[in-house]
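A.B. asks: My questions concern the predicted model and sequence given below.
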Amino acid sequence: KQEVTQIPAALSVPEGENLVLNCSFTDSAIYNLQWFRQDPGKGLTSLLLIQSSQREQTSGRLNASLDKSSGRSTLYIAASQPGDSATYLCAVCPHTGANSKLTFGKGITLSVRP
Amino acid sequence: EPEVTQTPSHQVTQMGQEVILRCVPISNHLYFYWYRQILGQKVEFLVSFYNNEISEKSEIFDDQFSVERPDGSNFTLKIRSTKLEDSAMYFCASSRSVDTQYFGPGTRLTVL
C-alpha cells in the first residue's frame, strides 16, 4: 500500500529565504506526482505535476523535482514571501492506467515571517 | 480560467439523515473524483468515476455512499444515513485524463 510522508509537519522561515519541502513515498511505481497548496479552510490548488518520466518541473518561483527510484520529491520555493504561507501537500498517482486516485501526504504547514 | 465548483459550502445535518453534496466539474473533463479530509488528517480518496461508472472506490466508500452524474454537468455524492464520523471536508475533483486533478473549494459537512 502506498504511503506518502512529508516531514517536518511545520516550517517557519524569514521572508526572502529559499526553502525546500520534502516528500517521500514507499512505492516507486507511480504515474505522476502532484504538489498542491491549501490555505486554511480552503480547497486544494494544484501547483505542479511531474510525470514519472520527468525529473523536474518549474513554475515561477517554484521548482519540483522527482527521484522516482528513491521515492522522493522536493518542492523548492525561491525568495519566499509571506503570501506563500500555507500548507503544501504532495500526492502520488499509481501507475495503473485508468486508476488515477491520488494518495496524499499530510502536508507541511509553511509560515513565512515578514 | 475554468474551475470546479461545489455546493453547499457548509452543510449541517443530524445523524441518520441523508445528504447530497453537489459538484460541477470543469466542462471538458472526463474523470471525476471525491475525496474527503477529516480535520487534522490527510486528504483521502473516496471514489473515481469515468464513462458513467465507478472506476475505483476506497474501503471508506461503503454502501452508505453513492455517486451520480444526473446530467451533463453535475456530479453528486450522496450519503444515505450520516454518522458522526462522516464529518469532514469533502472535495470534488476533475481531470481531462490521467493528469492534473483540479479540486473544488470543498463542502464542510458537520454531522450532529
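C.D. replies: That came in fine, so what should we check first? Residues are numbered from 1 along each chain as shown, chains lettered A, B, ... in the order given.
A.B. asks: gap between the most centrally placed residue in chain B and A:Pro82?
C.D. replies: Nearest residue to the geometric centre of chain B (C-alpha atoms, centre = their mean): B:Trp34, 3.4 Å. Separation of B:Trp34 from A:Pro82 (C-beta to C-beta, to the nearest Å): 33 Å. Where you see a C-beta, it was placed from the backbone N, CA and C, and this is true even at glycine.
A.B. asks: Neighbours of the nearest residue to the residue nearest to the centre of chain B once chain neighbours are set aside, how many?
C.D. replies: Take B:Trp34 and drop its neighbours on the chain: the residue closest to it by C-beta to C-beta, 6 or more residues apart in numbering or on different chains is B:Leu46, 4.3 Å away. By other C-beta atoms under 10 Å in any protein chain shown, 22 other residues sit near B:Leu46.
A.B. asks: For B:Leu46, pull up the helix or strand it's in.
C.D. replies: Using DSSP states H and E, B:Leu46 sits in strand B:43-50.
A.B. asks: Let me know the next secondary structure element after that strand.
C.D. replies: Assignment by DSSP H and E places the next element after strand B:43-50 at strand B:53-57.
A.B. asks: Quickly check: the very next helix or strand once past that next one near chain A or not.
C.D. replies: Next helix or strand after strand B:53-57 toward the C-terminus (DSSP H and E): strand B:65-68. No: residues of strand B:65-68 contacting chain A under C-beta under 8 Å from any C-beta of the partner chain: none, with a closest distance of 13.7 Å.
A.B. asks: Go ahead and confirm the residue nearest to the centre of chain B touches B:Val43.
C.D. replies: No: using C-beta atoms under 8 Å, B:Trp34 makes no contact with B:Val43, being 10.9 Å away.
A.B. asks: Return every residue with contacts to both of the two.
C.D. replies: Listed contacts common to B:Trp34 and B:Val43 are B:Phe91; contacts here mean C-beta atoms under 8 Å, 6 or more residues apart in numbering or on different chains.
A.B. asks: With chain B as the reference, measure out to A:Phe25.
C.D. replies: From A:Phe25 over to chain B the distance is 13 Å, taken as C-beta to the nearest C-beta, to the nearest Å.
A.B. asks: Get me the contact residues on chain A for chain B.
C.D. replies: For chain A, the residues in contact with chain B (C-beta under 8 Å from any C-beta) are A:31-32, A:34, A:36, A:41-46, A:49, A:89, A:91, A:93, A:97-107.
A.B. asks: residue ranges of the strands in the chain, please?
C.D. replies: Defaulting to chain A. A:4-5, A:10-14, A:19-25, A:30-38, A:44-51, A:56-59, A:62-67, A:72-77, A:86-94, A:103-104, A:108-113 (DSSP state E).
A.B. asks: let's do chain B instead
C.D. replies: Applying DSSP E to chain B gives strands spanning B:5-7, B:10-13, B:19-24, B:31-37, B:43-50, B:53-57, B:65-68, B:75-79, B:88-95, B:102-103, B:107-111.
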